[in-house]
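> Pasting the sequence and the predicted coordinates here, then a few questions.
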Amino acid sequence: MAEWGTGFGKNMLMALLAVFVISWFFMWAIRKQALVPSRTQFIAESAYGFVRHTLGRDILGEKHFKPWVPFLFAIFFFVLVNNLFGAVPGLQMPTFSHAGPAYAMALIVWFAWVVLGFKLHGGKFIKLVTVPSGVPKFLLPLLVPIEFLSNFVIRPLTHSLRLMAVMLAGHIIVMLAGSGAEFMITQQEGLGSTGLGVLILIGSIPLYFLELIMMVLQAFVFALLTAIYIQGSIEAEAH
Amino acid sequence: MISATLIQAAEGDANPLFPNPWEALVALIGFVVLLFVVIKWIWPAFEKAYQNRVEAIEGGLNQAEQAKAEAEALKAEYEQNLADARAEASRMREEARAEGAQIVAEHKEKAAAEAARITEQAQQHIVAERTAAAASLRADVGSLATQLASRIVGEALEDDARSQRVVDRFLEDLDAEQAGAAQ
């Protein structure tokens, strides 16, 4: 494994592996485009339909969602598969438990949000985002900087750190339980500590499934927030 | 077992919030590649499959609709034809009935005329017979009277009673002859 901050490591390999796995699975599943789908095609279509309808249509609206489906699709499955690597024995590490990839993803979303906003609303976009409507004038000097900070600086940070923190915490818990159990069983003398090690090992199993839920949930939350930000850009005037 | 991140975080010489720029770059490039693949191949394929299915289903529904409409048109036509045929049959029946009635009336008339003719003939016949009978009777009466007189004269002398009997018999004969002629 590469040292911190140097070289080409496991984390990068997993990110690329995720790209390969997602591309391969969906292209393979839809290769026939059968009217009556096979089981694999049905699963792939359900997953695609979930992103298309729950993340796309329901949030962006019937009128605007179509061009954003591939973006949301890529975001959701890239995060999901990278998270699930944390539950795969041997890999056992979610890619986004490292801050770098999480920042990269949030940056992409932030960039899409800003570019789309300026494209749709021009210079007015800054005003639309930072000046809340229906607020007394004397409060604006206070609110505008807060809104600016919250939307342009803090939002991408929270967007990425939420994902990274949950993945890192889950990673730490599972690792801690695993190494703790190993330590108790193999390094310590006496029946008591061996028993405790076994208990820790058993306890780590529900933790593993809890992590599994967290991985899926965080991928969904990340993609959902992406959709909400994009929607905020499309309909900035309504906010 | 414990990852490098954890050790370094614990040792305090690395902050987990501080990104590894290379990892960030690889994730960025990886995502862009994935996005390209999704836009170029995966997205169109899924949308196409979805569209095809929608068309297939809607096409099937339309076809069914069309078939139903056709069937209904056909049914209406059949019903129209049936009604026409019924009306035609009824009309023909009516005509036949009228014609039959006419024929019967004609025949009745003819029969009545025939009967009248026959009756007329018979009457004429009867009149002729009667005339003939009266003529013949008138001719016969003289000779009969002569015969009767001769017989009465021939036998009168012998017996009054017998002559009476002869007169009676003659009258009976006459009656019988009269009856025979009348029949």
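Received it, and whenever you're ready, just let me know what you need.
> longest helix in chain A, by residue count?
helix A:191-234 (DSSP state H).
> Give me the contact status of it with chain B.
No. Contact check for helix A:191-234 against chain B, using C-beta under 8 Å from any C-beta of the partner chain: none in range, with a minimum separation of 11.9 Å. Bear in mind the C-beta positions are built from the backbone N, C-alpha and C, glycine included.
> tell me what that helix is packed against?
helix A:58-60, helix A:69-84, helix A:99-121, helix A:155-182 (3 or more C-beta pairs under 8 Å, 6 or more residues apart in numbering or on different chains; DSSP states H and E).
> any low-confidence regions in chain B?
Applying pLDDT under 70 to chain B flags residues B:1-14, B:154-160, B:163, B:182-183.
> now the host helix or strand of residue A:146, how far from the centre of its chain.
Per DSSP states H and E, residue A:146 falls inside helix A:140-148. The chain centre lies 29 Å from the centre of helix A:140-148; the measure is C-alpha atoms, centre = their mean, to the nearest Å.
> Give me the contacts around it.
The contact list for helix A:140-148, computed with C-beta atoms under 8 Å, 6 or more residues apart in numbering or on different chains, reads A:129, A:130, A:131, A:132, A:135.
> Mark which of the residues you listed are buried, thanks.
Those of the contacts of helix A:140-148 that meet the buried threshold are A:129, A:130, by 16 or more other C-beta atoms under 10 Å in any protein chain shown.
> is it possible to export the contacts of helix A:140-148 to CSV including pLDDT and secondary structure?
Shown next, in CSV, are these (pLDDT from 0 to 100; DSSP: H, G, I helix; E, B strand; the rest coil):
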residue, pLDDT, secondary structure
A:129, 85, helix
A:130, 85, helix
A:131, 85, coil
A:132, 81, coil
A:135, 83, coil
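> same for the host helix or strand of residue B:105, what does it pack against?
For residue B:105, the host element (DSSP H and E) is helix B:43-156. In terms of contacts (3+ C-beta pairs under 8 Å, 6+ apart), helix B:43-156 is packed against helix A:39-49, helix A:69-84, helix B:160-182.
> so what pLDDT did residue A:105 get?
Residue A:105 is assigned a pLDDT of 94 by the prediction.
> Surely it touches residue A:75?
Yes. If you go by C-beta atoms under 8 Å, residue A:105 and residue A:75 touch, sitting 7.2 Å apart.
> who touches both of those two?
A:222, B:31.
> and the most far-flung residue of chain A relative to its centre, what pLDDT?
The outermost residue of chain A relative to its centre, with distances by C-alpha atoms, centre = their mean, is residue A:190 at 43.8 Å. At residue A:190, the pLDDT value in this model is 80.
> show me the contacts for it.
Per C-beta under 8 Å, 6+ apart, neighbours of residue A:190: none.
> Starting from chain B, give me the distance back to it.
As for residue A:190, its distance to chain B is 22 Å (criterion: C-beta to the nearest C-beta, to the nearest Å).
> By mean pLDDT, point me to the weakest helix or strand of chain A.
Least confident helix or strand, chain A: helix A:124-130 with a mean of 86, by mean pLDDT, DSSP states H and E.
> Go ahead and name everything in contact with that helix.
The contact list for helix A:124-130 (C-beta under 8 Å, 6+ apart) reads A:114, A:117-118, A:121, A:144, A:147-148, A:151-152, A:232-233, A:236-237, A:239.
> Show me just the buried residues among these.
The neighbour count (16+ other C-beta under 10 Å) marks A:114, A:117, A:121, A:144, A:147, A:151, A:232, A:233, A:236 as buried among the contacts of helix A:124-130.
> Show me which of these is closest to chain B.
Of all those, residue A:114 has the smallest distance to chain B: 16.3 Å, by C-beta to the nearest C-beta.
> so where does residue A:34 fall, helix or strand?
Per DSSP H and E, there is no helix or strand for residue A:34.
> Which residue, other than its chain neighbours, is closest to it?
residue A:41 (6.1 Å; C-beta to C-beta, 6 or more residues apart in numbering or on different chains).
> Quick one: neighbours of that neighbour, just the number.
Applying other C-beta atoms under 10 Å in any protein chain shown, we find 20 other residues in the vicinity of residue A:41.
> what about it, distance to residue A:52?
Here the criterion is C-beta to C-beta, to the nearest Å. By it, residue A:41 lies 15 Å from residue A:52.
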